[in-house]
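A.B. asks: here are the coordinates; sequence isn't available:
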Ligand code: HSE
């Protein structure tokens, strides 16, 4: 008998409870083990009174450990009280499975160490890419590679919003409301739309991929809150979609990492990923490009990854567990390589800006005034030797007072 206790009974927790029930006898023949959901910790008992698992509910963490428990599934999200409860479970020598990216991005190193000290494991496949088996793939299947880069769509909510704005003409607000209703968004969706959720996932992914700790707080993060319908029109002009991409890559002894909206070709592997789907394009020195995609948010996709971790523990695959390096990565906030960009410059002197862009960028393509009908705007695609050059130019334009504001997007060809 394997006793599983669960902390939290929201979207993810309900999915996990259902999968445990469906797979109760999964390990019966091979290992003579039966799965039992022993207890479920909830914040508010009254909210779950009509639930079929009502007999298992408690609002007291002590009850979780009073019952016989082998594995603790943390499905509460956030840091408080998850962090304390997970430490408690590890110190009581219980294996832990969590879907909590905030927790792993913040305390992954410490918790993995604590688990090792106690002879147990903490698994967190569901923390990145929802149902996509990406962490295990990098840690096990691609272990013979030096990972060179990651380009990824890691937030289902924002990809859903961008898809609905682009293809269904939905407003940002209505698309966000729908994502919340469908259970994709965080309790506080700011962390989705401002890019923090994607940044935390990118930091976990990059830490494993490059074997150096990439802190999400060290990287450049820009969300989707400022994107409007005209951005999509401009993107379409270059046969591009707009995606919130988490990008990281090895640059000498540093790691470049960022989360920002990027124009990607509509027919590219990342450009075709729509709705709540996530995608991760990994480049390894031996394997080349490998693409992973699937549902990155929602009840059952996330529960699927949690259940995979439960199975690993039951099948004693402890030796495969992930380790975070003690070494911290040096982060490059800006792209050091030659890259293409799109700029929208709000100005009261179009001619001045057009002349300035033409002089400063050998490779530039300025859209005609009539394209979006904005009399006070210059829109241009430019090529820059590196991102610092572009940023310096933008700052200079602003300080010369010709440009009131500048919006920029990286443009990727594939
Ligand atoms: N809010 C997250 C997302 C949930 O939209 O991707 C899955 O981590």
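C.D. replies: Perfect, thanks for sending it. Fair warning: this is a prediction, and the values are worked out from it, not measured in the lab.
A.B. asks: So what touches the lowest-mean-pLDDT helix or strand in the chain?
C.D. replies: In the chain, the helix or strand scored least confidently by mean pLDDT, DSSP states H and E is helix 28-31, which has a mean of 90. Contacts with helix 28-31, where a contact means Cβ atoms under 8 Å, 6 or more residues apart in numbering, come from 34, 314-315. The way it works is simple: take the backbone N, C-alpha and C, and place the C-beta from them, glycine included.
A.B. asks: just to confirm, which helix or strand has the closest residue to residue 97 other than its chain neighbours in it?
C.D. replies: Distances taken as Cβ to Cβ, 6 or more residues apart in numbering place residue 309 nearest to residue 97, at 4.3 Å, with adjacent residues excluded. Assigned by DSSP states H and E, residue 309 belongs to helix 299-314.
A.B. asks: That helix packs against which elements?
C.D. replies: Applying 3 or more Cβ pairs under 8 Å, 6 or more residues apart in numbering; DSSP states H and E, we find helix 299-314 packed against helix 11-22, strand 71-74, strand 95-98, strand 122-123.
A.B. asks: Include distance to the ligand when you put those into a markdown table, please.
C.D. replies: What follows is the helices and strands packed on helix 299-314, written out as a markdown table (distance: least, Cβ to the nearest ligand atom, whole Å):
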| stretch | distance to the ligand |
| --- | --- |
| helix 11-22 | 8 |
| strand 71-74 | 14 |
| strand 95-98 | 12 |
| strand 122-123 | 16 |
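A.B. asks: Just send the ones you listed back as a markdown table, with mean neighbour count and mean pLDDT too.
C.D. replies: Output for those, formatted as a markdown table (neighbours: other Cβ atoms under 10 Å; pLDDT from 0 to 100):
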| stretch | mean neighbour count | mean pLDDT |
| --- | --- | --- |
| helix 11-22 | 21 | 97 |
| strand 71-74 | 27 | 98 |
| strand 95-98 | 27 | 98 |
| strand 122-123 | 28 | 97 |
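A.B. asks: Tell me which of those approaches residue 295 most closely.
C.D. replies: Counting by Cβ to Cβ, residue 295 lies closest to helix 11-22 out of the helices and strands packed on helix 299-314; the figure is 11.6 Å.
A.B. asks: neighbouring contacts of that closest one?
C.D. replies: Contacts of helix 11-22 (Cβ under 8 Å, 6+ apart): 4, 6-7, 9, 35, 37, 40, 53, 73, 75-77, 99, 126, 183, 298-300, 302-304, 306-307, 310.
A.B. asks: distance between the ends of stretch 163-182?
C.D. replies: 15 Å (Cα to Cα, to the nearest Å).
A.B. asks: Now do it: distance to the chain's middle.
C.D. replies: On the basis of Cα atoms, centre = their mean, to the nearest Å, stretch 163-182 sits 19 Å off its chain's mean C-alpha point.
A.B. asks: Show me what counts as buried in it.
C.D. replies: Neighbour counts over stretch 163-182 (16 or more other Cβ atoms under 10 Å) mark 163-166, 170, 172, 175-176, 178-179, 182 as buried.
A.B. asks: any idea of the mean pLDDT for it?
C.D. replies: Model confidence over stretch 163-182, given as mean pLDDT, is 96.
A.B. asks: do the same with stretch 100-119
C.D. replies: Averaging pLDDT residue by residue across stretch 100-119 gives 97.
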